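A.B. asks: could you work out the structure for the sequence below:
(2 chains)
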Amino acid sequence: MTISAPSAELTIGRQGHYAGAVSRLVAFGADVGASWGLYTLGVALFNAAYKLVTGSSYNLTNHQVLAVIILSVWEFVYYSYQWAVGGRTIGMAVFGLQVVTTEGGPIGVRQAVVRTLGLALSVAFFLFAFWGIIFQRERRAWDDLIAGTAVVYSWDARAARLRWMARTEGAMHGAVLHQQEQEHRLEPGQDVTSQP
Amino acid sequence: MEQLAQALAERIVPLVIEAIDIDALIDRVDIDKVVSRVDVDKVIDRVDVEKIIERVDVEKIIERVDINAIIDKVNIDALVEQTELGSIIARSTTGIVTEILDVIRAQGVGLDDFIFRWGNRLLGRRRKIASWPEGPPLLVEPKVGPVS
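C.D. replies: Below is the predicted model of the structure:
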């Protein structure tokens, strides 16, 4: 079974355009999963190291206030650091999204930090905060409006299309060779051009 | 005496030049014969190429070249079809995972459009959203012309 290449209009043609609700929410879901997974892994590693050093076990779930503080700090670092460095989180990179300024340039550290705080506010008011992605002129949620940012589609769509074309071309070439082998009873691997 | 000669020359020379049929003169010259007598190697030997190259401001030339216009003129699809470039790209990249990601991203874009279009249609903003920008000004050229 072969999957046909997505249309250029939905890939190459959309680079730099404002990203919509589905892509952004799915990317956010992926980030929640990734950050939670990394947090869990970190806690497990800490527990193992603590047990190795002291001989007794330490369970963070018994200290809920501390756990919430650590988780909050971790989430803050997870989002603000990644946005400050490359304008995208792991989830955004997977789904081909990038945070940019309202003009379209790269965001700075201050904007990354403000956007992270704005995201916390947006999550707290989920139903209201994210409507902007659908109904606002520049598809900006609260966190975007607070930080002066926007989210755009940004992935190497042209390279992906070239790969599709190359694969399709390769598959077609293989099918033609196979047909020629059948027609001319060639040995597998022998090109029809080498036959007298 | 010298002034007289100068005055005469000033009057006669233009008259002579006017009288000469330059085209007819050139027609009578055997250009091939002239060219064959020129020792090109000797001429080239006398040219200091290094000095000429030193005097060329390559950066200024590059600045004047519109690279984007050249790239726009290149038909990438045809290039990939007609050369081994596609196979090289396919071999040099991670392959199927990135292609699946490309499909997922494109599906996401399609769903985004659907939600955006219908969400705003329900609010009766179908015409209004047509005039909205597609992306930030540095990344997407603003829409031109009146929107109905």
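
A.B. asks: wait, does stretch A:80-88 contact chain B?
C.D. replies: No. Shown here: stretch A:80-88 not in contact with chain B (CB under 8 Å from any CB of the partner chain), separated by at least 12.2 Å. In this view, the C-beta of every residue, glycine as well, is placed from N, C-alpha and C.

A.B. asks: quick check: mean pLDDT across that stretch?
C.D. replies: For stretch A:80-88, the mean pLDDT works out to 95.

A.B. asks: same deal with stretch B:5-15?
C.D. replies: On average, stretch B:5-15 scores 86.

A.B. asks: next one: it to chain centre, how far?
C.D. replies: Centroid separation for stretch B:5-15 versus its chain: 51 Å, with CA atoms, centre = their mean, to the nearest Å.

A.B. asks: can you list the buried residues in that stretch?
C.D. replies: Residues of stretch B:5-15 include none that count as buried (16 or more other CB atoms under 10 Å in any protein chain shown).

A.B. asks: and if you look at stretch A:34-52?
C.D. replies: Buried residues in stretch A:34-52 (16+ other CB under 10 Å): A:35, A:39, A:43.

A.B. asks: export the residues you listed as TSV, with columns for distance to chain B and pLDDT.
C.D. replies: Formatted as TSV, these follow (distance: CB to the nearest CB, whole Å; pLDDT from 0 to 100):
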residue	distance to chain B	pLDDT
A:Ser35	20	96
A:Tyr39	25	94
A:Val43	30	90
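
A.B. asks: may I ask which helix or strand encompasses the closest residue in space to A:Ala147 that isn't next to it in sequence?
C.D. replies: Sequence neighbours aside, A:Arg115 is the residue nearest to A:Ala147 in space, at 3.7 Å (criterion: CB to CB, 6 or more residues apart in numbering or on different chains). Under the criterion of DSSP states H and E, A:Arg115 resides in helix A:109-124.

A.B. asks: alpha carbons only: can I get that helix in CSV?
C.D. replies: What follows is helix A:109-124 as a C-alpha-only set of coordinates in CSV (Å, rounded to 0.1, in the frame of the first residue of the first chain):
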residue,chain,number,x,y,z
VAL,A,109,14.0,35.4,26.2
ARG,A,110,11.6,38.0,27.7
GLN,A,111,8.8,37.0,25.3
ALA,A,112,9.4,33.3,25.9
VAL,A,113,9.1,33.9,29.7
VAL,A,114,6.0,36.0,29.4
ARG,A,115,4.4,33.6,27.0
THR,A,116,5.0,30.7,29.5
LEU,A,117,3.3,32.7,32.2
GLY,A,118,0.5,33.5,29.8
LEU,A,119,0.2,29.9,28.9
ALA,A,120,-0.5,29.1,32.6
LEU,A,121,-3.2,31.7,32.6
SER,A,122,-4.6,30.3,29.3
VAL,A,123,-4.7,26.8,30.7
ALA,A,124,-6.5,28.1,33.8
